[in-house]
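A.B. asks: Predicted coordinates and the sequence they were generated for:
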Amino acid sequence: MARYTGPKARVSRRLGVNIWGTAGEVKALDRRPYPPGEHGRTRRRSNNSEYLTQLQEKQKARFSYGITERQFRNIYKEASNNQGVTGHILLQLLERRLDNIVYRAGWAATRPQARQFVGHGHINVNGRRVDIPSYRARAGDVIELRDKSREMVTVRWNLDVLDRAAPAWLEAGDGGQQVTVRELPTREQIDIPVREQLIVELYSK
């Protein structure tokens, strides 16, 4: 199962960043800005081993995009077989997932919610319904909410209240309920707080 269903705040505290962007994680990090567990207060992050630091960066990316270790490793292998900077290509492949695009478009408050929207068949790609969250968009693809889905209370609330602007590699249209993949995202357009070079070093061992 690709979804993580355990306590989110625990993971965010362990990695030191707000992974899923929920209010509970914000409160947990504010109240207890140290790792979970009996020795969380006394553990010093500065004393982390090189391997642990690399592993944490990988876990940040994996949990952020909501994929399993096997999926992540396969995407890394694909990235390493392409020409270019492996770390940048890795993040580019992750950003092009359909559930991430739904999140980036502002239709969902979190990536898990975006994954649910896709899985429930609320999204069209080039005029056809796609319910596979891992579907990888290409330049020129038009992604939009289906007609009935546009009236969902949750979607309307996300669009009106969150007011999240789509990144530059996506072109919004139709009142914000449609996006077109203008180009493949560059590293500067991916705002996930991950040091991808450490992930490359981890898998290169």
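C.D. replies: Everything's here; your move.
A.B. asks: Without its sequence neighbours, what residue ends up closest to residue 4?
C.D. replies: With CB to CB, 6 or more residues apart in numbering as the criterion, residue 4 has its nearest non-adjacent residue at 6.2 Å, and that residue is residue 63. Backbone N, C-alpha and C define where each C-beta goes, glycine included.
A.B. asks: from the chain's centre, how far out does the host helix or strand of the one you found sit?
C.D. replies: Assigned by DSSP states H and E, residue 63 belongs to helix 50-65. Here helix 50-65 is found 13 Å from its chain centre; the criterion is CA atoms, centre = their mean, to the nearest Å.
A.B. asks: avg pLDDT for it?
C.D. replies: Helix 50-65 shows an average pLDDT of 92 in the prediction.
A.B. asks: who does it touch, helix- and strand-wise?
C.D. replies: Where contact means 3 or more CB pairs under 8 Å, 6 or more residues apart in numbering; DSSP states H and E, helix 50-65 is packed against helix 8-15, helix 69-80, helix 86-95, helix 196-203.
A.B. asks: Mind doing that once more with 6 Å?
C.D. replies: The contact analysis (3 or more CB pairs under 6 Å, 6 or more residues apart in numbering; DSSP states H and E) places helix 50-65 against helix 8-15, helix 196-203.
A.B. asks: Would you indicate which residues of the first one are buried?
C.D. replies: Yep, that's helix 8-15 we're talking about. Within helix 8-15, the residues that count as buried by 16 or more other CB atoms under 10 Å are 8, 9, 11, 12, 13, 14, 15.
A.B. asks: distance of the second one from residue 31?
C.D. replies: I take that to be residue 9. 10 Å (CB to CB, to the nearest Å).
A.B. asks: try residue 158
C.D. replies: Distance from residue 158 to residue 31, by CB to CB: 27 Å.
A.B. asks: thinking again about what came up before, tell me what angle the helix holding residue 63 forms with helix 196-203.
C.D. replies: For helix 50-65 against helix 196-203, the angle by axes from the mean of the first three to the mean of the last three CA atoms, to 10 degrees is 120 degrees.
A.B. asks: CA atoms only: put helix 50-65 into PDB for me.
C.D. replies: Taking C-alpha atoms only, helix 50-65 is exported to PDB below (Å, rounded to 0.1, in the frame of the first residue of the first chain):
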ATOM      1  CA  GLU A  50      26.400  10.900   7.200                       C
ATOM      2  CA  TYR A  51      24.200   7.900   6.500                       C
ATOM      3  CA  LEU A  52      21.400   9.100   8.700                       C
ATOM      4  CA  THR A  53      21.400  12.500   7.100                       C
ATOM      5  CA  GLN A  54      21.200  11.000   3.700                       C
ATOM      6  CA  LEU A  55      18.400   8.600   4.800                       C
ATOM      7  CA  GLN A  56      16.400  11.500   6.200                       C
ATOM      8  CA  GLU A  57      16.600  13.400   3.000                       C
ATOM      9  CA  LYS A  58      15.300  10.400   1.100                       C
ATOM     10  CA  GLN A  59      12.500   9.900   3.600                       C
ATOM     11  CA  LYS A  60      11.500  13.600   3.300                       C
ATOM     12  CA  ALA A  61      11.000  13.200  -0.400                       C
ATOM     13  CA  ARG A  62       9.300   9.800  -0.200                       C
ATOM     14  CA  PHE A  63       6.800  10.800   2.500                       C
ATOM     15  CA  SER A  64       6.200  14.200   0.800                       C
ATOM     16  CA  TYR A  65       5.100  12.500  -2.500                       C
END
